[in-house]
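Undergrad: Return atomic coordinates for the entry below.
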Amino acid sequence: MIDPRTGLHVQKKVSAMNFYSYRSMVRPQEQNYILRCRKLYHQYFVDMYVEIETERLNLIRFNQAKLRSEQYIHLQDAIANDANINDIGRLTILPSSYIGSPRNMNEYAQDAMCYVKKYGRPDLFITFTCNPQWDDIKNNLFAGQSTTDRHDITARVFRQKCKAIMDLIAKLYVFGDVRCHMYSIEWQKRGLPHAHILIWLVHKVTPDQIDNLISAKIPNHTADPELFQVVVKNMIHGPCGELSMNSQCMIDEKCSKRYPRQFTSDTITGNDVYPLYRRRSPNDNGKTATIRMHNQEVEVDNRWVVPYCPLLSKIFNAHINVEYCNSVKSIKYICKYVNKGSDMAIFGVAGENRNDEITQYQMGRYICSNEAV
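TA: Numbers count the residues shown, from 1 in each chain. Here you go, the predicted structure:
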């Protein structure tokens, strides 16, 4: 069978990935000891995924002559304009057909910009983060295990949740008729996956409709206790700053996420970033909540709330940040951010061949066990 994108010959046979997928399944008639090994289980699946990825990259490396390189216009530009006699080495191409490669991510970003050209700016930018305390995850753990011991369950449940939230948005029209959408899943270093979602609506959201879709306030505990618990548990940033100078978001003694935000009596649009959502102070009927941080109780107000959609938060009981895309200036950043690819840490090596795109991709590649599963 010929891959139409690369021109490489692909044999039909049972892959190593199918074998390792078989080994990761839970069967009632037998004991799967791999899933009970905790840290060794994580190391096992990372090693197996790296083995599979290396085999795929070697297939591309050893079949460079069969690649349809005439389609890579960037290489022609490099030969014409960027020739460097000191940069000597065999040219190795990592094609865009390889999922997760820089060329692949760049194509997705260009596709998103085509959506912008055709339909204008996206209306909503949603970040959906996995909640390890979901009952679907905890109820499938073995006795004595925690959610960090079974990333296979985390990955499978989050995949189903992503399909559910996309069906809710695109098919059940919780925000209105959807013209098109795009999303990508990333894997945090602590092991929790999260999805970045862009939504284009048929009928654009007007400034007076923002408060009906997006909220940045602590709900009334008496009127809606369920939403109150979800927001206090999942949608409170930090707190950081003077309350915790060691928070990960602190850079040069300032919060990189710009929290705490200012109190605002009404939602304000028209600036070059996200709108200033309505955040009422306690003196203006704004609610407060008490959370526990570093073995002490801290009172927080609306300045610490991450913008959310009440309906999505109640349905999925997770961190779901919903932002209204207000400015055209932020569109290119958002489209690139959504398709930025996996975490990598690039470092220099003496005598490295910078013409080898496969080596550049593998160098400093970070893979967590959640992504491997």
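
Undergrad: C-alpha from now on. contacts and neighbour counts both.
TA: Noted.

Undergrad: His181 belongs to a strand, doesn't it?
TA: Yes. Remark: His181 belongs to a strand, assigned using DSSP: H, G, I helix; E, B strand; the rest coil.

Undergrad: Excluding chain neighbours, what is closest to it?
TA: Nearest in space to His181, with sequence neighbours left out and distances taken as Cα to Cα, 6 or more residues apart in numbering, is Ile199 at 4.6 Å.

Undergrad: How far does the strand or helix carrying the one you found sit from its chain's centre?
TA: Ile199 is part of strand 193-201 when elements are defined by DSSP states H and E. Averaging C-alpha positions (Cα atoms, centre = their mean, to the nearest Å) puts strand 193-201 9 Å from its chain's average.

Undergrad: Use 41 as the first number for this chain going forward.
TA: Sure, I'll start numbering at 41, so the last one becomes strand 233-241.

Undergrad: Give me the residues contacting it.
TA: 159, 161-170, 195, 198, 202, 215-228, 378, 410-411 (Cα atoms under 8 Å, 6 or more residues apart in numbering).

Undergrad: for the stretch 91-240 of the chain, what spans make up the helices?
TA: Using DSSP state H, counting those that start in this stretch, the helices of the stretch 91-240 of the chain run over 113-121, 142-159, 175-178, 191-210.

Undergrad: Quick check: the residue nearest to His221 vs Tyr314, distance?
TA: 15 Å (Cα to Cα, to the nearest Å).

Undergrad: More neighbours: those two, which one.
TA: Ile239 (23 against 15; other Cα atoms under 10 Å).

Undergrad: From Glu363, how far off is that one?
TA: Taking Cα to Cα, one finds Ile239 at 11 Å from Glu363.

Undergrad: can you check Asp396 too?
TA: Taking Cα to Cα, one finds Asp396 at 39 Å from Glu363.

Undergrad: Can you pick out the residue with more neighbours from the two?
TA: Ranked by neighbour count (other Cα under 10 Å), Asp396 and Glu363 place Glu363 first, with 23 against 16.

Undergrad: Apart from its chain neighbours, what residue comes closest to that one?
TA: The spatially closest residue to Glu363, leaving aside those adjacent along the chain, is Phe165, at 5.1 Å (Cα to Cα, 6+ apart).

Undergrad: what's that neighbour in contact with, if anything?
TA: His236, Ile237, Leu238, Ile239, Val362, Glu363, Tyr364, Cys365 are the contacts of Phe165 under Cα under 8 Å, 6+ apart.

Undergrad: same thing but 6 Å
TA: Going by Cα atoms under 6 Å, 6 or more residues apart in numbering, Phe165 touches Ile237, Leu238, Val362, Glu363.

Undergrad: For the second one, the count of nearby residues, please.
TA: Each residue near Leu238 was counted by other Cα under 10 Å, and the total is 24.

Undergrad: what pairs with it across the strands?
TA: Leu238 has the following beta-bridge partners by DSSP bridges: Phe165, Met222.

Undergrad: mind checking how far it is from Thr246?
TA: On the measure of Cα to Cα, Leu238 and Thr246 end up 17 Å apart.

Undergrad: now do the last one
TA: As judged by Cα to Cα, Glu363 and Thr246 stand 13 Å apart.

Undergrad: Same question for the third one.
TA: Plainly put, Val362 is 15 Å away from Thr246 if you go by Cα to Cα.

Undergrad: Check the first one too.
TA: Counting by Cα to Cα, the gap from Ile237 to Thr246 is 20 Å.

Undergrad: Fine, thanks again, bye for now.
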